[in-house]
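sequence first, then the predicted structure, then my questions.
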Amino acid sequence: MEYTKCYPSPLGSITLASDGENLTGLWFDGQKYYGAGLPEHPVHRELEIFDRTQEWLDLYFSGREPDFTPALSLAGSPFRRDVWEIMLTIPFGQTMTYREIAEKLAARRGVDKISAHPVGGAVAHNPISLIIPCHRVVGSNGSLTGYAGGLEKKVRLLQLEKADMSNLFIPVKGTAL
């Protein structure tokens, strides 16, 4: 059974999802791929994991780096889960490029090269936004491309973290990763 709860963030409402023990989803309401994997009518319920996640979000939105990660359960292909695990290593207030993630993944898998394009697909389908920090992933040229919650939220999240944005830019509409 899947359970949900709403969290009112400064950037808009966020839906939390859980299997009862672990966090399985965290989406800004209306974002691309919102609620992927949720049943049509999830049950709204108070859960300890939601309390812990709300504590994490309260710290985060106050501009402080949370010193814990709520228990997560990631549903996805092994490739996507590997990408999400790498994203969990991106430090608060810093960024990593799609290419850097691809290079780390290639090294982890013992292959010469993995394209950044499928990495971009895995980043886009991240089911637990913010905690798995897809907003910290940028293009190799500094482009702030590809955030399912919208580029304006990505910018605000990086500003909240006081990330160095001097070499980052919002891409012109129609450009690719």
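Happy to help now that I have it. The structure presented is a predicted model; accordingly, all values stated were derived computationally and were not measured.

next one, pLDDT for residue 174 please.
Looking at residue 174, its pLDDT is 53.

start at 325, not 1
In the new count, where the first residue is 325, that last one comes out as residue 498.

quick one: secondary structure of residue 446?
helix (DSSP: H, G, I helix; E, B strand; the rest coil).

which element is the nearest residue to it once chain neighbours are set aside on?
Spatial nearest neighbour of residue 446, chain neighbours left out: residue 407 (3.7 Å); criterion: Cβ to Cβ, 6 or more residues apart in numbering. Every residue, glycine included, has its C-beta placed from N, CA and C. Taking DSSP states H and E as the criterion, residue 407 maps to helix 402-411.

residue 411 and residue 449 touch, don't they?
No: between residue 411 and residue 449 there is no contact under Cβ atoms under 8 Å: 11.7 Å.

comparing the two, which shows the higher neighbour count?
Ranked by neighbour count (other Cβ atoms under 10 Å), residue 411 and residue 449 place residue 411 first, with 22 against 18.

once you drop chain neighbours, what's closest to the more buried one?
residue 456 (5.2 Å).

repeat for residue 393
Using Cβ to Cβ, 6+ apart and skipping residues adjacent in sequence, the residue nearest residue 393 is residue 455, 6.4 Å away.

kindly report the same for residue 491.
Leaving aside its sequence neighbours, residue 491 sits nearest to residue 466 (Cβ to Cβ, 6+ apart; 4.7 Å).

picking that back up, run a quick neighbour tally on the residue nearest to residue 411.
Residue 456 has 22 neighbours, counted by other Cβ under 10 Å.

and it, what does it touch?
Counting by Cβ atoms under 8 Å, 6 or more residues apart in numbering, residue 456 touches 396, 408, 411, 412, 450.

so which residue is dead centre in the chain?
Taking Cα atoms, centre = their mean as the criterion, residue 453 is the residue nearest the geometric centre of the chain, at 3.0 Å.

where exactly do the strands run in the chain?
Secondary structure of the chain (DSSP state E): strands at 327-333, 336-342, 347-352, 367-368, 420-421, 461-462.

okay if I get the ones you listed as JSON lines plus mean pLDDT and mean neighbour count?
Output for those, formatted as JSON lines (pLDDT from 0 to 100; neighbours: other Cβ atoms under 10 Å):
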{"stretch": "strand 327-333", "mean pLDDT": "96", "mean neighbour count": "16"}
{"stretch": "strand 336-342", "mean pLDDT": "96", "mean neighbour count": "20"}
{"stretch": "strand 347-352", "mean pLDDT": "96", "mean neighbour count": "23"}
{"stretch": "strand 367-368", "mean pLDDT": "88", "mean neighbour count": "10"}
{"stretch": "strand 420-421", "mean pLDDT": "96", "mean neighbour count": "17"}
{"stretch": "strand 461-462", "mean pLDDT": "96", "mean neighbour count": "26"}
